[in-house]
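S.K.: Here you go, sequence then predicted model.
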Amino acid sequence: MKAPRFQGKPMQVGPLAQMVVGYAQGHKLTVKSVNGVLDRISAVAGVKVGPEILHSTIGRHAARAVRASMMADLALDHWELLVNNIASGDLEIFNPPTFPKGEQRGVGVHEAPRGILSHWIVIRDGKIKNYQCVVPSTWNAGPRDATGQLGPYEASLLGNPIADPERPLEVLRTIHSFDPCIACAVHMLDPEGKEVVNVKVL
């Protein structure tokens with residue numbers, strides 16, 4: 001696993017990061033949605049909670065629900081934009097790529113459901129010379145870096161109470177709250193199908 005950094009710092013990406021940034025910027029739909037979730041959590045907990053509670057396992061789950069709800073609302077707006085665009089006569093659906101001689105470099109960045117997703121490519125004379133993607137789980141699962149800075153997974157586990165050390169379910173709940181997309185078991189087979197290596201992440 002890589003340890004990507006933004007301006008030298010580890011970053012948690014995903015719905016929680018999106019909701020916290022939108023909330024801090026005063027984005028109306030985000031503020032309304034997050035306040036609704038905070039009110040619901042407060043009612044269940046029997047105590048008033050503020051946005052600081054979002055930096056937690058329940059906060060990540062709540063942020064994922066808020067984001068899904070917001071995307072459903074925004075999808076209707078995007079549908080209207082598409083319909084109006086087609087109605088205005090714009091029927092283009094494909095732009096054929098052209099690759100001039102020499103080297104071109106490109107990057108595509110997208111806010112996927114799990115968080116920031118970026119694709120990096122180098123094309124030389126119409127052929128891919130180098131390609132890599134940095135996916136949301138790379139940001140969140142990234143290990144400590146050379147300066148000792150913790151990645152988001154490890155940082156989220158500090159001070160996390162464990163009821164039964166023999167069955168640390170709280171660790172699983174916290175890591176699952178990031179919605180990781182990584183292999184938790186790897187099986188390597190030889191050409192005859194015989195297992196060579198079996199690695200499980202516990």
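M.R.: That came through fine.

S.K.: Please name every helix or strand in contact with the lengthiest helix in the chain.
M.R.: Criterion DSSP state H: the longest helix present in the chain is helix 57-87. Counting contacts by 3 or more CB pairs under 8 Å, 6 or more residues apart in numbering; DSSP states H and E, helix 57-87 packs against helix 15-25, helix 28-45, helix 169-176. Using the backbone N, CA and C atoms, a C-beta is placed for each residue, glycine as well.

S.K.: So for V134, which of those sits nearest?
M.R.: Taking CB to CB, helix 15-25 is the member of these nearest to V134, at 14.9 Å.

S.K.: residues in contact with the helix or strand following the longest helix of the chain?
M.R.: Sequence order places strand 103-112 as the next helix or strand after helix 57-87, per DSSP states H and E. Applying CB atoms under 8 Å, 6 or more residues apart in numbering, the contact partners of strand 103-112 are 18, 116-125, 129, 135-136.

S.K.: how close does K28 sit to A72?
M.R.: K28 sits at a distance of 17 Å from A72 (criterion: CB to CB, to the nearest Å).

S.K.: er, G142 I mean
M.R.: 30 Å.

S.K.: neighbour count winner among those two?
M.R.: Counted by other CB atoms under 10 Å, G142 and A72 do not tie: G142 has more neighbours, with 22 against 9.

S.K.: For K101, see how far away the more buried one is.
M.R.: Taking CB to CB, one finds G142 at 37 Å from K101.

S.K.: Tell me, how many residues neighbour the closest residue to V37 other than its chain neighbours?
M.R.: Excluding the flanking residues, the one nearest V37 by CB to CB, 6 or more residues apart in numbering is A62, at 4.7 Å. By other CB under 10 Å, the residues close to A62 number 24.

S.K.: so what pLDDT did A62 get?
M.R.: With respect to pLDDT, A62 scores 92.

S.K.: you'd agree it is up against P51?
M.R.: No - the criterion here is CB atoms under 8 Å, and A62 misses it with P51 at 10.7 Å.

S.K.: hey, which helix or strand in the protein has the poorest pLDDT?
M.R.: In the chain, no helix or strand scores lower on mean pLDDT, DSSP states H and E than strand 185-189, which sits at a mean of 67.

S.K.: what stretches of the protein score poorly on pLDDT?
M.R.: For the chain, the stretches with pLDDT under 70 are 183-187, 199-202.

S.K.: so G102 touches R124, yeah?
M.R.: Yes - under the criterion of CB under 8 Å, G102 makes contact with R124 at 7.2 Å.
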